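Asks: Provided below for reference: sequence and predicted model.
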Amino acid sequence: MDVSKFVSLGRKIIGVGRNYKAHAAEMGYSHPTDPVLFLKPTSSYVTQGNPIIYPKLCSNLHHEVELGIVIGRKGKNIPIHDALSFIGGYVLAIDMTARDLQSAAKTKGNPWSIAKGMDTFCPVSPVLSVAVIPEPQNTAIWLKVNDKLVQNGCTKDMIFPIPDIISYVSARFTLEEHDVILTGTPEGVGPVEIGQKITAGIGDTFEMGFEVVEEK
Ligand SMILES: O=C([O-])CC(=O)C(=O)O
Ligand SMILES: [Mg+2]
């Protein structure tokens with residue numbers, strides 16, 4: 001699968017929040033009893049070679065490194081035992097979050113759409129084949145800000161494992177080919193600043209870099 005193809009197809013980006021206990025703890029969230037879902041528009045995609053834009057409307061932009069599942073075929077009400085067969089590949093993604101806008105939305109009981117969905121808030125790798133990630137539930141994901149390692153997690157620490165997420169989402173939204181599910185971030189989220197370089201990777205298998213620039 002070619003990332004430029006699925007970006008242009010304009011499918012869904014579904015985020016799962018609070019899926020790692022240590023991240024839920026660092027944010028002061030209670031332990032969720034069901035996956036917490038949100039959506040990002042496809043206009044938030046940004047691929048390597050292009051910068052992350054720090055919006056003028058935001059004053060606390062955070063990084064959240066995540067493993068993204070790329071759906072390989074259409075499915076509705078997918079049973080947990082069959083869920084892995086709906087995976088067409090993976091992306092490494094950064095769920096960029098305007099933490100100030102998210103906090104304000106939480107206080108008012110408003111949705112997170114703006115905080116999660118502004119332009120360039122979904123940096124993604126090219127689609128990685130399933131063969132590249134043989135153990136998706138035991139894979140290291142990490143993120144550096146200017147060469148300082150700030151997130152260093154493992155997908156084994158997910159509260160809701162990948163098959164459960166796919167099943168849960170598909171009971172609510174029909175999953176379509178090339179949809180992306182962001183599976184949540186491990187601990188260590190924090191701010192990025194204009195001029196910084198963000199590097200994220202999957203163990204020592206893959207890495208990608210993005211520069212943070214001011215909105216013009
Ligand atoms: O904004 C948050 O903390 C929720 C979220 O996306 C995550 O846990 O990955
Ligand atoms: Mg996230």
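Replies: Arrived safely, thanks for sending. What you see is a predicted model; the values in this text were computed from it and never measured. Ligands and ions are numbered 1, 2, ... in the order given.
Asks: for the closest residue to ligand 2 within the chain, give its distance to K40.
Replies: Here the chain gets closest to ligand 2 at one residue, D95, 3.5 Å apart by CB to the ion. For the C-beta atoms, the positions are set from N, CA and C on the backbone; glycine is no exception. D95 sits at a distance of 8 Å from K40 (criterion: CB to CB, to the nearest Å).
Asks: any residues in contact with both of those two?
Replies: Residues touching both D95 and K40 (CB atoms under 8 Å, 6 or more residues apart in numbering): G15, K116, F121, C122, L182.
Asks: of the residues you listed, which belong to strands?
Replies: Of the shared contacts of D95 and K40, the ones assigned to strands by DSSP state E are G15, C122, L182.
Asks: so what's M96 closest to, chain neighbours aside?
Replies: In space, and not counting its chain neighbours, M96 is closest to F121: 3.9 Å by CB to CB, 6 or more residues apart in numbering.
Asks: residues in contact with the residue of the chain closest to ligand 2?
Replies: For D95, the contact set (CB under 8 Å, 6+ apart) comprises G15, K40, E64, V65, E66, K116, F121, C122, L182, T185.
Asks: got it, and I194?
Replies: Y54, V212, V213, E214.
Asks: and the last one, how many neighbours?
Replies: It refers to E214. E214: 11 surrounding residues under other CB atoms under 10 Å.
Asks: quick check: the gap between it and L67.
Replies: Distance, E214 to L67, using CB to CB: 29 Å.
Asks: before we move on, what about the second one?
Replies: Relative to L67, V212 is positioned 22 Å away (CB to CB).
Asks: between those two, who's got more neighbours?
Replies: A count of neighbours by other CB under 10 Å puts L67 above the other of V212 and L67, at 26 against 21.
Asks: helix, strand or coil for that one?
Replies: On the three-state scheme (DSSP: H, G, I helix; E, B strand; the rest coil), L67 is labelled strand.
Asks: what's opposite it in the beta bridge?
Replies: On the basis of DSSP bridges, L67 is bridged to L92.
Asks: that one contacts P186, doesn't it?
Replies: No: here L67 lies out of contact with P186, judged by CB atoms under 8 Å, at a distance of 9.8 Å.
Asks: hmm, back to that, from the contacts of D95, which single one is nearest ligand 1?
Replies: Ligand 1 has its nearest neighbour among those in T185, at 3.7 Å by CB to the nearest ligand atom.
Asks: the closest one: which element?
Replies: Assigned by DSSP states H and E, T185 belongs to no helix or strand.
Asks: and it, how many neighbours does it have?
Replies: Using other CB under 10 Å, T185 has 30 other residues around it.
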